[in-house]
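# Sequence and computational prediction follow.
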Amino acid sequence: MAALVLLALLALRSTTAGEPSERLAGTAAPKPSVIRFGVPAVGIGGRPIVGGSFLSTTHIQGLLEQEFKSDGIRVEWNFFKGAGPAVNEALAGGLLDFTSLGDLPAFIGRSAGLKTRLILTTGSRGNVYLAVPVGSPARTLEDLKGKRLVVHKGTATQLIMSRILAQRGFSESDFRIINLDSVASLPALLSGDIDGLWSGLTLLEHEDAGRVRVIFDSRTDTGRDGKAEIASQGTILVTENFATRHPDLVQRVVNVLVKTADWNSDEANRETLFTLWERSGVAAATYRRSYRGVPLALRQSPLMDGFFLASLAAGAQAALDLKHIRAPVAIDGWIDRSFLDRALAELKLEKRWTAYDAQGAPAP
């Protein structure tokens, strides 16, 4: 359904106007008055702040605003309660220049013909949780077969859920899958109207408060017993149109993001970072639990290394096999490393992060 909506929007746009780059062929692109960023989430209570990544830190600290202040360029942040599907619709409507996006909605957009470049990763080890009501007798995923499970369809959470189910010999048809966004799904779980919820970090906070019980953690419950690790890949995309017209501005954006990733990766900043992200409404204690035993640099690295590429390719193939997308997505033609490579060189951060190979081991 999400892909069909995108195709309709792209068709409408193509019949109403050409791309700005086409209309201005042969002329220098004027400097934009605004750079428009999309974020496929909202904070607790719908607040326009999220945590968890170097993009979050960049937004909270106003670092891009500082970078472009002297140019008179405003930075506009758009937070989407409708998550990835809503971001794709905004991209199709020409309403964004950059966005962060989980892997499945990024695949859906690319498969449907959205013209973007993948220029950074915001994390190659994204995980999800499955929670049940406190009084539920369920202790394992298998206990929920035939039960009502909620996931926000068209998001990275749906893809990682589908891959986990397939790894264990299930499909979505083995459960009663219900589509709800993050705002509506938690009340449904707390009221007992559903039997389980696939979601992210906030489930840990509710478990700590005794409201739910987490029975599956993709970070610890995949990659064992000879099974492959399953993780979602966070991406940062720039539209082809903006990258073509303003490569200098894209480079400056990437430089700011990579510099922030360096700060986020510094263990000396761990508590400061979690306190900063707390502005999203998620408690610092929840971030501490999520990062327990995990080096900041492992999850805050912007590198598009072998593990990221292999996981992204596996996710794209799984999305096709599971019929989440209608056409294959070629990873090689989508990724543009030039901005990241230049940022690493200019900031002298070429050796800042460990690169990992396709199996997740440190690359030689």
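That came in fine, so what should we check first?
# How about the contacts made by the nearest residue to residue 106 once chain neighbours are set aside?
Using C-beta to C-beta, 6 or more residues apart in numbering and skipping residues adjacent in sequence, the residue nearest residue 106 is residue 235, 5.1 Å away. Any C-beta I mention is one placed from the backbone N, CA and C, and that applies to glycine too. By C-beta atoms under 8 Å, 6 or more residues apart in numbering, residue 235 lies in contact with 100, 101, 102, 103, 106, 118, 120, 121, 122.
# can you put those residues in a markdown table and add pLDDT?
Below are the contacts of residue 235 laid out as a markdown table (pLDDT from 0 to 100):
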| residue | pLDDT |
| --- | --- |
| 100 | 97 |
| 101 | 96 |
| 102 | 93 |
| 103 | 94 |
| 106 | 96 |
| 118 | 98 |
| 120 | 97 |
| 121 | 96 |
| 122 | 93 |
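# top of those residues by neighbour count?
Ranked by the number of neighbours (other C-beta atoms under 10 Å), these place residue 106 first, at 31 neighbours.
# Kindly provide the distance from residue 90 to residue 336.
Using C-beta to C-beta, to the nearest Å, residue 90 is found at 21 Å from residue 336.
# returning to that earlier point: spell out the secondary structure type for the residue nearest to residue 106.
Three-state assignment for residue 235 (DSSP: H, G, I helix; E, B strand; the rest coil): strand.
# Same question for the one 3 residues further on.
On the three-state scheme (three-state DSSP), residue 238 is labelled strand.
# number of nearby residues for residue 267?
10.
# Are we agreed that residue 107 is in a strand?
No: looking at residue 107 with three-state DSSP, it is helix, so not inside a strand.
# Verify the contact between it and residue 327 for me.
No: in this structure, residue 107 is not within contact of residue 327 by C-beta atoms under 8 Å, at 9.8 Å.
# With neighbour numbers in mind, choose between those two.
residue 107 (31 against 12).
# between the contacts of residue 235, which is closest to residue 268?
For the contacts of residue 235, the closest approach to residue 268 (C-beta to C-beta) belongs to residue 122, at 21.4 Å.
# Just want the phi and psi numbers for the closest one.
Per-residue torsions, residue 122: phi -100, psi 10 (degrees, to the nearest 10).
# What residues does it make contact with?
So residue 122 contacts 53, 54, 55, 100, 234, 235, 236, 302 (C-beta under 8 Å, 6+ apart).
# The same query, at a cut-off of 7 Å, please.
Taking C-beta atoms under 7 Å, 6 or more residues apart in numbering, we find residue 122 in contact with 53, 54, 55, 100, 234, 235, 236.
# need the strands for this structure, in chain order.
34-39, 74-79, 98-101, 116-126, 129-133, 148-151, 176-179, 196-199, 212-217, 232-239 (DSSP state E).
# most tightly surrounded among those?
strand 98-101 (a mean of 28; mean count of other C-beta atoms under 10 Å).
# Direction included, what does it pair up with?
strand 34-39 (parallel), strand 232-239 (antiparallel) (DSSP bridges).
# pLDDT weak spots in the stretch 151-300 of the chain?
The stretch 151-300 of the chain contains residues with pLDDT under 70 at 223-228.
# Which stretches in it count as helices?
156-167, 182-190, 202-208, 218-221, 240-245, 247-264, 270-277, 284-290, 296-300 (DSSP state H, counting those that start in this stretch).
# Go through those helices and pick out the most buried.
helix 156-167 (a mean of 23).
# by contact count, what packs against it?
Packed against helix 156-167 by the contact rule (3 or more C-beta pairs under 7 Å, 6 or more residues apart in numbering; DSSP states H and E) you find helix 103-112, strand 148-151, strand 196-199, strand 232-239, helix 306-321.
# Start and end of stretch 352-364, how far apart?
End-to-end distance for stretch 352-364, by C-alpha to C-alpha, to the nearest Å: 15 Å.
# what does stretch 352-361 give?
17 Å.
# any idea how far the residue most central in space within the chain is from residue 84?
The chain has residue 102 as the residue nearest its centroid, 3.0 Å off, counting by C-alpha atoms, centre = their mean. As judged by C-beta to C-beta, residue 102 and residue 84 stand 6 Å apart.
# Quickly list what's touching both of those two.
Residues within reach of residue 102 and of residue 84 at once, by C-beta under 7 Å, 6+ apart, are 40, 155, 156.
# Which one of those residues is nearest to residue 198?
For the shared contacts of residue 102 and residue 84, the nearest to residue 198 is residue 155 (9.6 Å; C-beta to C-beta).
# Low-confidence stretches in the stretch 1-150 of the chain?
Looking at the stretch 1-150 of the chain by pLDDT under 70, you get 1-28.
# 50 instead, please
8, 11-12, 14-26 (pLDDT under 50).
# Which residue ranges make up each domain of this protein?
2-22+30-125+232-346, 129-221 (automatic domain parsing).
# Next up, the contacts around the nearest residue to residue 46 once chain neighbours are set aside.
In space, and not counting its chain neighbours, residue 46 is closest to residue 81: 6.5 Å by C-beta to C-beta, 6+ apart. For residue 81, the residues meeting the contact criterion (C-beta under 7 Å, 6+ apart) are 42, 46, 181, 183.
# Phi and psi next, for residue 81.
According to degrees, to the nearest 10, residue 81 has phi -60, psi -30.
# let's have the chain start at 34 instead
Sure thing, new numbering starts at 34, so read that last one as residue 114.
# Quick check: the gap between it and residue 132.
Applying C-beta to C-beta to residue 114 and residue 132 gives a distance of 15 Å.
# Look up which residues are beta-bridged to the closest residue to residue 211 other than its chain neighbours.
Using C-beta to C-beta, 6+ apart and skipping the chain neighbours, the partner closest in space to residue 211 is residue 183 (4.8 Å). On the basis of DSSP bridges, residue 183 takes part in beta bridges with residue 211, residue 230.
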